[in-house]
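> This is the structure alone, sequence omitted:
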């Protein structure tokens, strides 16, 4: 399994890494894709903003940016996540930090599996997939 987690100049400890890797792999399999290389990097708002400006030409804060390196059904990518944004969104949406983090982590994977979220129907389907994936993680506890 080629899932890696790292931090970019922040103090953050991802809990249950082995369990999360198994969960991510199970979601990929459920979506009838195969797992290539996934690299998660957790960072600050400012660091992710720099990536957003440089590569996507968007001058806005975001919680996640996913770069797709898929080859056919094999999903691979770099997934950058702002821990600052996850904390703020957890408060905003009145949810637990870990649940919001896991939602965003699997959101990136679902993008790599081919799901979109710009149109309302696409966004609704993405949310259903996120919720199903989160239930799968809770069942594995």
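Here it is on my side, so go on. As the structure is a computational prediction, the values presented were derived from the model and not from experiment. Numbering: from 1, shown residues only.

> contacts, neighbours, all on C-alpha from now
Will do.

> Check the burial of residue 18 by counting its neighbours.
A count of nearby residues for residue 18, using other Cα atoms under 10 Å, gives 9.

> Tell me the spacing between it and residue 53.
Computed with Cα to Cα, to the nearest Å, the distance linking residue 18 and residue 53 is 33 Å.

> Could you list the low-confidence segments of the chain?
Within the chain, the ranges that satisfy pLDDT under 70 run 1, 141.

> Run through the residues that contact the spatially most central residue of the chain.
For the chain, the residue whose C-alpha lies nearest the mean C-alpha position (Cα atoms, centre = their mean) is residue 105; its distance is 2.3 Å. Residue 105 makes contacts with 79, 81, as judged by Cα atoms under 8 Å, 6 or more residues apart in numbering.

> Would you quantify the distance from it to residue 57?
When distance is defined by Cα to Cα, residue 105 is 23 Å away from residue 57.

> how deep is residue 5 tucked in, by neighbour count?
The burial metric for residue 5, expressed as a neighbour count using other Cα under 10 Å, is 14.

> Could you say which helix or strand holds the residue nearest to the centre of the chain?
Following DSSP states H and E, one finds residue 105 within helix 97-112.

> Please point out which parts of that helix sit buried.
Taking 16 or more other Cα atoms under 10 Å as the basis for neighbour counts, the residues of helix 97-112 that come out buried are 97, 100-112.

> Stretch 27-34 now?
Those buried within stretch 27-34 under the rule 16+ other Cα under 10 Å are 27, 28, 33, 34.

> Strands of the chain, residue ranges please.
Using DSSP state E, the strands found in the chain span residues 2-7, 34-43, 64-68, 74-82.

> ok and the helix holding residue 105 relative to strand 64-68, angle-wise?
30 degrees (axes from the mean of the first three to the mean of the last three Cα atoms, to 10 degrees).
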